[in-house]
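In: Quick one: sequence and predicted model below, then my questions.
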Amino acid sequence: MTETERKRLHVITWGCQMNVYDSGRMADVLAPLGYGPAAEPDDADMVILNTCHIRDKAAEKVFSELGRLRKLKEARGGRMILAVAGCVAQAEGAEILVRAPYVDIVLGPQTYHRLPEMVARAARAGGAVIETDFPPEDKFDHLPESATPQGVTAFLTIQEGCDKFCSFCVVPYTRGAEQSRSAATILREARHLVSQGTREITLLGQNVNAWHGEGGHGEGWGLGRLLREMAEIPDLLRIRYATSHPRDMDDDLIAAHRDIPALMPFLHLPVQSGSDRVLSAMNRKHTADDFRRIVDKLRTARADLALSSDFIVGHPGETEADFEDTMRLVRDTGFALAYSFKYSQRPGTPAAGAPGQVTEADKDRRLQELQALLREQQAAFNAGCVGLELPVLFTGTGRHPGQIAGRSPFLQPVHLLGSASLIGTESLVRIVANHPNSLAGTLVQERRTA
Ligand code: SAH
Ligand code: SF4
Ligand code: F3S
């Protein structure tokens with residue numbers, strides 16, 4: 001390839017881990033066309049805005065960012081391809097081109113394997129290209145192997161979409177129906193990642209534990225079985241999976257937490273609410289006690305398992321008593337980490353038009369109260385780690401000279417003074433201090449596990 005054919009791509013990623021994964025894969029798809037990475041959008045021949053529609057004024061945020069990118073495009077005399085991808089693109093479709101006619105390509109999360117063709121069409125047509133239909137083919141069958149290594153830790157999407165239709169959520173509409181990738185292609189991608197230096201893989205799915213596949217001889221596999229296969233990959237030190245739904249937490253998956261040392265003892269299991277009334281209105285199809293029972297089983301399987309969760313306050317119909325049930329569930333369970341949100345009305349979802357919308361003031365107050373409790377639990381969990389010896393997988397250098405940084409099994413950032421040659425390996429670390437956003441440690445023993 002000649003120098004003049006080299007082009008630069010900048011991807012802006014909002015939203016969940018799956019969007020992070022998708023952004024990487026979009027870069028992989030465009031690499032054969034000569035696109036390499038651009039650090040800033042100002043330097044780019046193509047900019048992709050990979051969007052999220054989950055909460056708040058998602059569309060407004062997109063249009064304001066597009067306004068900024070329009071100026072960059074104009075400054076380059078129009079020589080910039082501007083693409084909008086992800087869940088807002090899927091939800092808004094042609095509306096984006098009406099409000100931002102300078103956008104060249106609008107594409108949904110299930111069509112990005114066709115990007116090269118879209119780029120060619122955009123160049124030819126002089127008009128905009130839009131691809132937001134759910135295609136009959138599976139994009140994973142058309143993606144190249146990842147060209148650029150993801151690093152010591154990597155994401156791997158194994159399942160996409162959702163059939164659960166929680167009352168508040170846009171995902172079933174933006175990502176489409178639940179679909180599982182085949183075990184063979186997942187294991188191939190995992191081995192490829194490890195060959196590029198990855199030591200920890202997080203399996204991703206909107207409902208990752210709804211994953212199902214086929215092993216040899218037509219045998220049906222669930223996520224627990226897939227994890228057992230993953231654990232056989234040499235040099236893969238750590239495995240995680242996210243995000244799980246309580247309804248799909250089957251016994252084999254719980255047993256995998258007991259049996260597989262590489263499976264990290266940290267689980268993100270969103271519960272949303274502790275009130276059965278609200279859970280039913282949310283169409284979650286589990287009760288607060290179902291969640292408690294699952295947590296008990298998990299902790300029996302793996303005593304050191306730490307939990308993380310998502311909560312929504314102010315879902316339509318939520319009363320003070322319902323909110324108190326949520327506080328009680330949090331107190332009963334004890335979370336190492338949690339994300340909590342004010343209910344946000346999403347266009348086209350059942351809850352958006354439901355009676356009993358909660359006032360902004362009530363949502364604010366409940367959120368503050370819940371977050372204070374969750375912060376307290378997180379602080380207690382982190383403080384409880386001081387004095388322990390924990391394995392840390394080093395992922396890069398720290399902020400200060402001579403420092404290296406990594407993650408504990410519980411995803412806590414840990415830093416210490418140590419040689420950069422340890423990056424990509426796991427070592428035992430004594431935790432000596434608990435800082436606001438990280439733990440400090442000292443090296444106990446270089447394990448050099450990989
Ligand atoms: N698939 C995952 C989560 C998907 S979205 C699951 O089933 O739990 C991530 C989180 O965003 C959700 O867990 C929920 O807590 C939050 N969320 C989704 N829609 C929301 C809305 N309309 N308002 C506020 N929070 C929302
Ligand atoms: Fe959304 Fe519910 Fe599906 Fe999770 S399970 S993606 S919250 S509809
Ligand atoms: Fe957002 Fe779509 Fe992920 S709405 S949270 S980017 S699935």
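Out: Nice, I can see it. Numbering: from 1, shown residues only. Ligands and ions are numbered 1, 2, ... in the order given.

In: Show me where the stretch 251-400 of the chain has its strands.
Out: 266-268, 306-313, 337-342, 389-397 (DSSP state E, counting those that start in this stretch).

In: Make TSV out of these and add distance to ligand 3 and mean pLDDT.
Out: Using the backbone N, CA and C atoms, a C-beta is placed for each residue, glycine as well. Listed next are the strands of the stretch 251-400 of the chain as TSV, based on distance: least, Cβ to the nearest ligand atom, whole Å; pLDDT from 0 to 100:
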stretch	distance to ligand 3	mean pLDDT
strand 266-268	13	98
strand 306-313	11	98
strand 337-342	11	98
strand 389-397	23	97
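
In: I'd like these as CSV, with mean neighbour count appended.
Out: Below are the strands of the stretch 251-400 of the chain laid out as CSV (neighbours: other Cβ atoms under 10 Å):
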stretch, mean neighbour count
strand 266-268, 22
strand 306-313, 22
strand 337-342, 18
strand 389-397, 20
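
In: ok, so what distance separates residue 148 from residue 161?
Out: Plainly put, residue 148 is 26 Å away from residue 161 if you go by Cβ to Cβ, to the nearest Å.

In: quick one, which of those two is more surrounded?
Out: residue 161 (21 against 12; other Cβ atoms under 10 Å).

In: and that one, what does it touch?
Out: Residues in contact with residue 161 (Cβ atoms under 8 Å, 6 or more residues apart in numbering) are 171-172, 175-179, 206.

In: Pull the most distant pair out of these.
Out: 171 and 179 (12.9 Å; Cβ to Cβ).

In: quick one: residue 230 from ligand 3, how far?
Out: Noted for residue 230: a distance of 23 Å to ligand 3, by Cβ to the nearest ligand atom, to the nearest Å.

In: Equivalent analysis for residue 441, please.
Out: 32 Å.

In: That residue and residue 392 touch, don't they?
Out: Yes. Residue 441 is within contact range of residue 392, at 6.7 Å (criterion: Cβ atoms under 8 Å).

In: and for these two, which residues touch both?
Out: Joint contacts of residue 441 and residue 392 (Cβ under 8 Å, 6+ apart) are 414, 416, 429.

In: from the residues you listed, which are also near ligand 1?
Out: The overlap between these and the neighbours of ligand 1 (Cβ under 6 Å from any ligand atom) is empty.

In: per-domain residue ranges of this structure.
Out: Here the domain assignment for the chain is 7-131, 389-448, based on automatic domain parsing.

In: Now do the end-to-end distance for the first one.
Out: Across domain 7-131, the straight-line distance between its terminal residues is 23 Å, by Cα to Cα, to the nearest Å.

In: centre of the chain versus that domain, how much separation?
Out: 19 Å (Cα atoms, centre = their mean, to the nearest Å).

In: Perfect, that will be all.
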